[in-house]
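Engineer: structure of the sequence below:
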Amino acid sequence: MSSAELELCLDGVPIEFPAIVKEAILATKRDEIFPNCASLNEKYCWYLTKSQLFIWERLVSGTNRTHIPMQLALPLSGLHLSTKTVVVYDGAQRSKGRSSTTGVLIVSPEGVLRHWNSVHSQSYAECVLDLGNEVILSVELVDPPTEDKPASFILVTTSGSVFYLRANPECPNSGMLAPYKIASRDTSSIRRRLSSIMFGGNNREMSLVSRSFLFWEKRSQQPFVACVYPDALTVFDIAEKRELWTVKSKHLFEPVISNYIESEIEERSINVTCRLIDASYFRNGIMILVAATHDKSQFISLYLTFIGKDWMETEPTDAVWTARVPMPEQRALFLKSNEGIYTKLELRIPSRSAEAMKSERTDGIIIINQFFIQSIYVPDDLENATIWDLTLCKTANLPPLDILLGSALCAQYCYILMLDSGVFTIRLLPRGFSDSLNGSFYTNEQSSSNSLEDWAALSCLLSEMVASGLPKTAPIQSFHKALDLFGEKDMVLSSAEIQNIRKMSDVEIAELVQQFLRAVIDYTDEANKVDAELHAKKVITSRTLLFLRHMDLFDRMNERVAAAAALWHWRGLHESNAEVFDAVFDAAVKNVVEAQNLGINNRETFFARLGLLHYIPREAFNQLMIAINKGKSQKYEVFHSIADMFIVIKMGISSLRRCKCAIEKKSGWWTFHTITTYYKKLCEKICEELKTNMCSECERSRLLAYVLNLYDFYLGEIDTQPDDDKILMDIILFGRVSEGMLLAEKHRDFGVLVKMALRSDKDTRQKSLNRFKKVFDYDDFEMYLCQFLKKHGRNDILLEQKGQRVDEYLDNFKELRYSREISNKQYAKAAYTLMSLAEAETKSFERFADFLSRAHACARAAEPGEPGVDDVLNFYKKRLPELKHRRAIPIDVIRSGYGDDLDVMMSIDEMLEWNMVECSTDEKTIEGYLRALHLLSDLKRVEDSADLQKRIDTLWKRLIEIEEWPRIKNRDEAEKKTVFGRLCTELVEYHPKLNGSSTSVWSIEDRLLVAPRNFDELLDSSQIDKKCKPWVKAHLKWVIERLEKRAKHGRTPFFLIDMENVGSLTTAALDGFAPILEIRKRKWTDEAMN
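Structural biologist: Residues are numbered from 1 along each chain as shown. Alright, predicted model coming up:
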């Protein structure tokens, strides 16, 4: 349905003001009723007087009466309170089966706060917020309450400060709230102004905030606050607690609107002045309502200006789209002298409309004034729309002599609350939606009538009609539900419900509608009055036809007519066209089974059956295949004729679509999987012919023009997005690079776009990719690019990309991400990524060692104090012993346990076990135990624990039990001939060298850490002869004494040269120093012993 057939309506809502509220309203003079004194949400309505707040539920479930309102006393204030500083919310549900309580927060402009955790208790917490004498503008709920956490709020002042109100930590459940300043614009204090006057500098005079709103950015799911000043727009990042940016009207809005006005009136230097009125979040960007004046007009003009989706990354420097809003009939309101109009305009966008990427079937962007409302559709693609393009603008007057009490936004609708008329939703409904069927269209005077509220009763009757006369099939039930939702004016859900029906053929839809309407018309029930039943049938049948038009199901039938008319006109243009036409339709009469079943035996009758039109491209292509093997000249003549026929059908369909306004082609359209299949086959056949290089250059150009035309239509009809399309690549290979790229960009074939970008040089490639990222942001081109580059092994280009989506993708491939972070000199991030890789590695030791070493190097290269650097250094310190001692285990030991898997990752316990395994010789066994002790000493140096001490005790116990003690005869043998005794001597006298090391790396102090302390307990738990216990105990004491005595002399003043593991040149250089170092060693040993 064309948007021109929509009308802006005030749809009455069954919400009544309770009697006590009406009394309060009547007790107030009409000229004393202040604006924004009433509002509502999904569950509650509320009304403000000078001293009280009335709250009541919108409707008691199952009844037509309202709750008795609750009355709450307002805090004292010298200024008028408004609904902008009142928050009514659902409290936390305390137990299952019980409904949640109702919480209320009221803040006076001076900062006096009253908070009811539950209005049913009538007890509240009150405090005076210390906000530095700032005036409160608005309060909004940011975090709903849960069982464990009270509600929190965002508070905005007129000077542009943003505060976070959350529960007082000293008494979190009392309802007391404490303000925490998040951010503010730089204010011009008296000290700063004096400094500017005396010493110079920029003095930033600020106007007061007129509007503010809290919104959640869709992609990041983070909260932001926008403050609208008359001369500027500021956005605050709540999560980061900072001002994101501020744009001045004279720098951004005035130049854009000046260019627009100057081009419109064809004059320059007209002194344009802009004033920002309101703003709202819209399609991942921000839509701003701007008022402008200039010297050539006595009126104020309104403009909608859109700031695109890049507002999170950079400060806006230009508007993406701007359009003038048509002036309503109340022109006197917009005279320059009436400055009050600025504060009496509101921009309202329901969240469903704001999140929809298309305007169709939404209620649009709504502008509210005390005398009129406007609803506006903007182009679907604002990035590429012309600057003056508005798809739709409808205006309706509010009831005369009535007073606007306030407005409210919910997820789907925008509400207005009128003093006398009641509550309405602002809706864009199809013309003729009225139930009265009196021949008139739905007008503003009818908007508050009860006729539109009759659908609830009609819906029940419709259900009886369907149940009595129709089978319970899925299409019938889906059609019934979609029509019911349409009657309830929920166009979005109705359109979603009809999706499966759109996939049906035209014949099937016609049969379905016929069955449905027949059941409605033939229904009768003696219990119903005859006139009421007839009225219901008239309403339902009229709504059904309106429903079919609104859902574009009629347009499918119309396109067949347009295609057939174009085809018939083409037949009469030339005799050759008529021959091809007759041949194709004669073949269709013979080959189409459905035509044979209908008894069709001539082409005229077949042509009259437009429901069979989709068979014509198939038969035309088959005629081409028959003629393909004939002579060269005749072959190309058939190519031209069949291609011309296909283009004529396409042009007929396209011409009808061009006369429509914003028709959305649905999934499963009649052209899909019928005629479009043969459009593709014809293009493939032409490409095959072009690849043979048998045609002339002129013929080649003509055939390529056919492919470009036909394939453009095919790609536009299919309901899937092409990816690296073969025919598009053929078009490019045939030399039509620009045309092929335009088609790929138009139909979002990212595979072709990326492939062609990768063929260019580095600078051109990156510029192209950046442009595609911006143009196809909603289609998530950035994620596609990452997947494409990863799939095709172009990690070098992947690491060059920047952006949030690239970071999210590389989160799944940390081995790529850290390289990108290092190249960007983000060493702290790279260190943390490498640390997580090392921590997650459980199979390959070499990979673990590489990740750990790189993480340490990046952490050392990062700036001190950067987040995560200390964590990486601590992790490295903790895992370094594991790295060092895993390398020290001999290869033959690893091979004995793990075969050829020498890169196996071992735990601490596994390394201890393999170091303590009994070897073929005592010397190797001793070396293994010394490696185990060294490992334990390094671990204990990093972090001591009871578990680690238990491992040390276990090692000494196994060392003692490894010997056959019964064969030991005296203490001397215990000290010199047993593995235990020899290991103790090695521990005291020598340094057990690690592979690849030629210096002393195991200090005496570290050896003392792993020396046994509780000898008696150790010997009692060990299996050892009683006679040997004193020898072992004495030897252990000797070890402790020697180590402690050596520890007093500090670190070893010499190097132990590994003569076996160094090269020949080094050996020759050090031969002369070895005797000197050996003498120093003996001298130091003697001093230590004495």
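Engineer: distance of Ile642 from Ser696?
Structural biologist: Computed as Cβ to Cβ, to the nearest Å, the Ile642 to Ser696 distance reads 19 Å. From N, CA and C alone the C-beta is placed, and that goes for glycine too.
Engineer: the more surrounded of those two?
Structural biologist: The neighbour comparison of Ile642 against Ser696 (other Cβ atoms under 10 Å) goes to Ile642, with 24 against 9.
Engineer: now the most centrally placed residue in the chain: how far from Leu40?
Structural biologist: Nearest residue to the geometric centre of the chain (Cα atoms, centre = their mean): Arg219, 2.9 Å. Here Arg219 is placed at a distance of 30 Å from Leu40 (Cβ to Cβ).
Engineer: Ile154 now?
Structural biologist: Applying Cβ to Cβ to Ile154 and Leu40 gives a distance of 20 Å.
Engineer: and for Val561, the neighbour number?
Structural biologist: 13.
Engineer: next structured bit after the host helix or strand of it?
Structural biologist: Val561 is part of helix 553-571, with elements assigned from DSSP states H and E. Proceeding N to C from helix 553-571, the next assigned helix or strand is helix 575-591, under DSSP H and E.
Engineer: helices and strands around that following helix, which ones?
Structural biologist: Counting contacts by 3 or more Cβ pairs under 8 Å, 6 or more residues apart in numbering; DSSP states H and E, helix 575-591 packs against helix 553-571, helix 603-608, helix 616-627, helix 632-658.
Engineer: neighbouring contacts of the next helix or strand after that helix?
Structural biologist: With elements assigned by DSSP H and E, the helix or strand that comes after helix 575-591 is helix 593-597. Contact with helix 593-597 is made by Ala588, Val589, Phe606, Arg609, Leu612, Tyr615, as judged by Cβ atoms under 8 Å, 6 or more residues apart in numbering.
Engineer: for the second one, what are its contacts?
Structural biologist: What it means is Val589. Listed by Cβ under 8 Å, 6+ apart, the contact partners of Val589 are Ala595, Ile600, Asn601, Asn602, Arg603, Phe606.
Engineer: once you drop chain neighbours, what's closest to Ala332?
Structural biologist: Nearest residue to Ala332 in three dimensions, chain neighbours excluded: Asn338, at 7.4 Å (Cβ to Cβ, 6 or more residues apart in numbering).
Engineer: how deep is the one you found tucked in, by neighbour count?
Structural biologist: Other residues near Asn338 come to 13 when the count uses other Cβ under 10 Å.
Engineer: any idea which element the nearest residue to Thr925 once chain neighbours are set aside lies in?
Structural biologist: In this structure, Thr925 finds its nearest non-sequential neighbour in Cys919, 4.7 Å apart by Cβ to Cβ, 6+ apart. Assigned by DSSP H and E, Cys919 belongs to no helix or strand.
Engineer: hmm, Cys919 is touching Tyr929, no?
Structural biologist: No - the pair Cys919 and Tyr929 fails to qualify as a contact (Cβ atoms under 8 Å) at a distance of 10.2 Å.
Engineer: if you count surrounding residues, which of the two has more?
Structural biologist: Comparing Cys919 with Tyr929 by other Cβ under 10 Å, the one with more neighbours is Tyr929, at 25 against 15.
Engineer: wait, that one sits on Trp956?
Structural biologist: No - taking Cβ under 8 Å as the definition, Tyr929 is not a contact partner of Trp956, at 9.4 Å.
Engineer: between those two, which contacts overlap?
Structural biologist: Joint contacts of Tyr929 and Trp956 (Cβ under 8 Å, 6+ apart) do not exist.
Engineer: ramachandran angles for Phe371?
Structural biologist: Note on Phe371: backbone dihedrals following degrees, to the nearest 10 are phi -120, psi -20.
Engineer: can you check Ile368 too?
Structural biologist: Main-chain dihedrals, Ile368, degrees, to the nearest 10: phi -120, psi 130.
Engineer: contacting residues for it?
Structural biologist: The contact partners of Ile368, by Cβ under 8 Å, 6+ apart, come to Leu345, Glu346, Arg348, Leu404, Ser407, Cys414, Ile416, Ile426.
Engineer: can you list the domains in this structure?
Structural biologist: Per the record, the chain has its domains at 19-159+161-183, 207-397, 450-516+526-551, 889-1052, 1053-1090, by automatic domain parsing.
Engineer: what does the average pLDDT come to for the longest one?
Structural biologist: What it means is domain 207-397. Domain 207-397 shows a mean pLDDT of 89.
Engineer: about what we covered before: PyMOL command for the buried members of the contacts of Val589?
Structural biologist: A single PyMOL command selects the buried members of the contacts of Val589 (16 or more other Cβ atoms under 10 Å):
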select buried, resi 595+600+603+606
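Engineer: could the contacts of Val589 be laid out in a markdown table, adding distance to His934 and pLDDT?
Structural biologist: Shown next, in a markdown table, are those (distance: Cβ to Cβ, whole Å; pLDDT from 0 to 100):
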| residue | distance to His934 | pLDDT |
| --- | --- | --- |
| Ala595 | 92 | 84 |
| Ile600 | 96 | 84 |
| Asn601 | 100 | 85 |
| Asn602 | 101 | 86 |
| Arg603 | 97 | 84 |
| Phe606 | 94 | 82 |
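Engineer: out of the contacts of Val589, flag the one nearest to Thr246.
Structural biologist: Relative to Thr246, the closest of the contacts of Val589 is Phe606; by Cβ to Cβ it sits at 68.6 Å.
Engineer: how about the closest one, what does it touch?
Structural biologist: Contacts for Phe606 (Cβ under 8 Å, 6+ apart) come out as Phe585, Ala588, Val589, Val592, Ala595, Ile600, Leu612.
Engineer: how much space between the first one and Ile675?
Structural biologist: Note on Phe585: its distance to Ile675, by Cβ to Cβ, is 15 Å.
Engineer: identify the spatial nearest neighbour of Glu497, chain neighbours not counted.
Structural biologist: Per Cβ to Cβ, 6+ apart, closest to Glu497 is Ala482, 4.0 Å.
Engineer: show the pLDDT at that neighbour.
Structural biologist: Here, the pLDDT recorded for Ala482 equals 88.
Engineer: check which helix or strand it maps to.
Structural biologist: Assigned by DSSP H and E, Ala482 falls in helix 474-487.
Engineer: and the contacts of the next helix or strand after that helix?
Structural biologist: Remark: after helix 474-487, the chain's next helix or strand is helix 491-497, criterion DSSP H and E. With contacts defined as Cβ under 8 Å, 6+ apart, helix 491-497 is touched by 352, 356, 361-362, 412, 478, 481-483, 485-486, 547, 550-551.
Engineer: burial count for the residue nearest to Asp1016 when sequence neighbours are not counted?
Structural biologist: Distance criterion Cβ to Cβ, 6+ apart; nearest residue to Asp1016, sequence neighbours excluded, is Lys1033 at 7.7 Å. Neighbourhood size, Lys1033 [other Cβ under 10 Å]: 15.
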